[in-house]
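**Student:** Pasted the sequence and its predicted model underneath.
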Amino acid sequence: MLLRRLASVATARGLATAPGAGRQLLMRQLFEASSCTYTYLLADAGSGDAVIIDPVLETVPRDLQLLRELGLTLRYAANTHCHADHVTGSGALRRALGCASAISRASGACADVRLGEGDELRFGSFALRVLPTPGHTPGCVTFVLDDSSMAFTGDALLVRGCGRTDFQQGHTMTTVGEERLHNPRLRLSPDDFVALMERLQLPRPRLMDLAVPANLRCGIQDEP
């Protein structure tokens, strides 16, 4: 999920101007319907270097086609956490393109780059800073663009909600200010928040037994 406070929104071509030396950021928000996952493709429009956040295995062909059409070089396939509702596409993208996979060290999952607080994923003149935001899972991180204009929170924070917290609901766009004012879960005391999350009694994710073991191996299911 994307949190934005950037005043200038992306144009129809997916371009947004970022502060500093005329940098131009290309951003695409992509959707996978069965798991309701939003994937984000970010690129430096000048160099063509790109990073993809939370790719899904089933939509890797779409992502590969978009990268080819836009003439981009994928540097990182990064995950905000070890997902339970889908298998990540980071391993398949790594195999197809030779990019580096990345995930939090605290997730316990394997990847080329295991991230900690303050680490950065650089793509062209841009970088994503790593901010640990555990809660939904112990290894959740938020990726913050280096000008602080965008924060990609995964499921740690959703629009008017948050990810479930018992083992590991809409995603669109919002701002930190909106969520502070209107997210009912963020307005609870710590004790009331814990009580609410404990009584939700949400069903077990349908793909959990497949997705979590696969995602601990970077989404590659046919390797030991």
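**Tutor:** Here it is on my side, so go on.

**Student:** only C-alpha atoms for contact and neighbour calcs from this point on.
**Tutor:** Fine.

**Student:** need the contact list for Asp209.
**Tutor:** Neighbouring residues of Asp209 by C-alpha atoms under 8 Å, 6 or more residues apart in numbering: Ala84.

**Student:** Helix or strand: which one has it?
**Tutor:** Assessed by DSSP states H and E, Asp209 sits inside helix 208-216.

**Student:** pLDDT averaged over that helix, what's the number?
**Tutor:** If you average the pLDDT over helix 208-216, you get 72.

**Student:** List phi and psi for Asp192.
**Tutor:** With angles defined as degrees, to the nearest 10, Asp192 sits at phi -70, psi -30.

**Student:** Then Leu196?
**Tutor:** Backbone torsions of Leu196, given as degrees, to the nearest 10, read phi -60, psi -50.

**Student:** one step back: can I get the helix holding Asp209 in PDB, CA atoms only?
**Tutor:** C-alpha atoms of helix 208-216 as PDB (Å, rounded to 0.1, in the frame of the first residue of the first chain):
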ATOM      1  CA  MET A 208      -0.800 -19.800   3.500                       C
ATOM      2  CA  ASP A 209       0.600 -23.300   3.500                       C
ATOM      3  CA  LEU A 210       2.000 -22.800   0.000                       C
ATOM      4  CA  ALA A 211       2.900 -19.100   0.100                       C
ATOM      5  CA  VAL A 212       4.900 -18.800   3.300                       C
ATOM      6  CA  PRO A 213       7.300 -21.700   2.700                       C
ATOM      7  CA  ALA A 214       7.800 -20.600  -0.900                       C
ATOM      8  CA  ASN A 215       8.300 -17.000   0.100                       C
ATOM      9  CA  LEU A 216      10.900 -18.000   2.700                       C
END
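
**Student:** Please parse the protein into its domains.
**Tutor:** The record, using automatic domain parsing to delimit domains, assigns the chain the ranges 6-155, 157-201.

**Student:** Relative to Val212, which of these is closest?
**Tutor:** If you check each of the domains of the chain against Val212 by C-alpha to C-alpha, domain 6-155 wins as the nearest, at 5.2 Å.

**Student:** Run through the helices of the protein in chain order.
**Tutor:** 60-70, 90-97, 176-182, 190-198, 208-216 (DSSP state H).

**Student:** how many degrees apart are the last one and helix 90-97 in direction?
**Tutor:** If you take axes from the mean of the first three to the mean of the last three C-alpha atoms, to 10 degrees, helix 208-216 sits at 50 degrees to helix 90-97.

**Student:** Good, we can wrap up now.
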